[in-house]
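Enquirer: Could you work out the structure for the sequence below:
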Amino acid sequence: MPPLTLPRAPSSATLNLLSNALRDLRIGGVAEGRRHASHQAQGRANKAKDGPGKRLGAKKSGGEYVVPGNILFRQRGTLWFPGENCFMGRDHTIHAGAPGYVRYYRDPARHPTHKFIGIALAKDQALPTPGNAARRRQLGMLAFPMLKPAAAASADPLTHDPSNPTSIRQVSNDARRKVVRRGRQGGEDTVVTLRPGYQYRQANHEIGRAGDRLEREAKARGRTTRVYPEFVPGDRFAAWRKRRLARARMAEQRVRRGKKAKK
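Expert: Have a look, this model is predicted:
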């Protein structure tokens, strides 16, 4: 058996010569259409086009009229602080707390470097308001002098004018608490009583017997108001027979189910 011989690997010089010969036949990056990735290339997956940084800043200019709840300034952090008639939200957004005109100002009395946004209630009002100045009314109220009503001549309760005779009728509490309400045409009148809660209504036992009363009236005319006329309230013998038949029917059904299971 002849010995096994392995093919010899080409030398590095041969490989270099072959690479130089095929250099012109390679496809360049421009011909391939290669496109390198860049930041935010081809749109976004979860971010808005106008990010948070583009939505920040002043939303109302100085002197502009606003109503309560309007957004005055959006910020990250406290670049501006809420002044008079303003409040700050959880994300440091400053909102208007009263109807008025926007003012951007500083108040050295409160803080030497802080900048404030406030609402002036009047168009010519300047902020900050001095500490000793009179408080301006809010909610559109205006100062108006209160007029004292003329004192009415009080009559003596012990004197009686004979030209105006009066009659006093004494009514007992029991008679005052019961009111008779007229029923429908041909129906019975209803007696309602003053109950707790200051309301006139029937007693509970009377409301419960209303169905029996209507049934008696219908039977007097040869009719009935019951959905199941064969049911007689209070007939325990009929109820016992009905219950006995139901139990026998259930027992027969159990026997039939047992026979089907054995098959």
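Enquirer: buried residues in stretch 64-75?
Expert: Neighbour-count burial for stretch 64-75, counted by 16 or more other C-beta atoms under 10 Å, picks out 66, 70, 72-74. C-betas here are computed from N, CA, C, even on glycine.
Enquirer: export stretch 125-140 as CSV, just CAs?
Expert: What follows is stretch 125-140, C-alpha atoms only, in CSV (Å, rounded to 0.1, in the frame of the first residue of the first chain):
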residue,chain,number,x,y,z
GLN,A,125,-51.8,95.6,38.4
ALA,A,126,-48.1,95.2,39.0
LEU,A,127,-46.5,92.3,40.8
PRO,A,128,-45.2,91.6,43.4
THR,A,129,-48.0,93.1,45.6
PRO,A,130,-46.5,95.0,48.6
GLY,A,131,-47.0,93.3,51.9
ASN,A,132,-48.9,96.3,53.4
ALA,A,133,-51.2,96.7,50.4
ALA,A,134,-54.9,96.0,50.6
ARG,A,135,-55.9,92.5,49.5
ARG,A,136,-57.6,92.4,46.1
ARG,A,137,-60.9,90.6,45.8
GLN,A,138,-61.0,87.5,43.7
LEU,A,139,-63.8,85.6,41.9
GLY,A,140,-65.0,88.8,40.1
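Enquirer: in it, what counts as buried?
Expert: 127-129.
Enquirer: Tabulate those in a markdown table, adding columns for secondary structure, distance to Pro82 and pLDDT.
Expert: Formatted as a markdown table, the buried residues of stretch 125-140 follow (DSSP: H, G, I helix; E, B strand; the rest coil; distance: C-beta to C-beta, whole Å; pLDDT from 0 to 100):
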| residue | secondary structure | distance to Pro82 | pLDDT |
| --- | --- | --- | --- |
| Leu127 | coil | 12 | 93 |
| Pro128 | coil | 13 | 94 |
| Thr129 | coil | 15 | 92 |
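Enquirer: I'd like those residues as a markdown table, with distance to Arg90 appended.
Expert: Shown next, in a markdown table, are the buried residues of stretch 125-140 (distance: C-beta to C-beta, whole Å):
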| residue | distance to Arg90 |
| --- | --- |
| Leu127 | 25 |
| Pro128 | 26 |
| Thr129 | 27 |
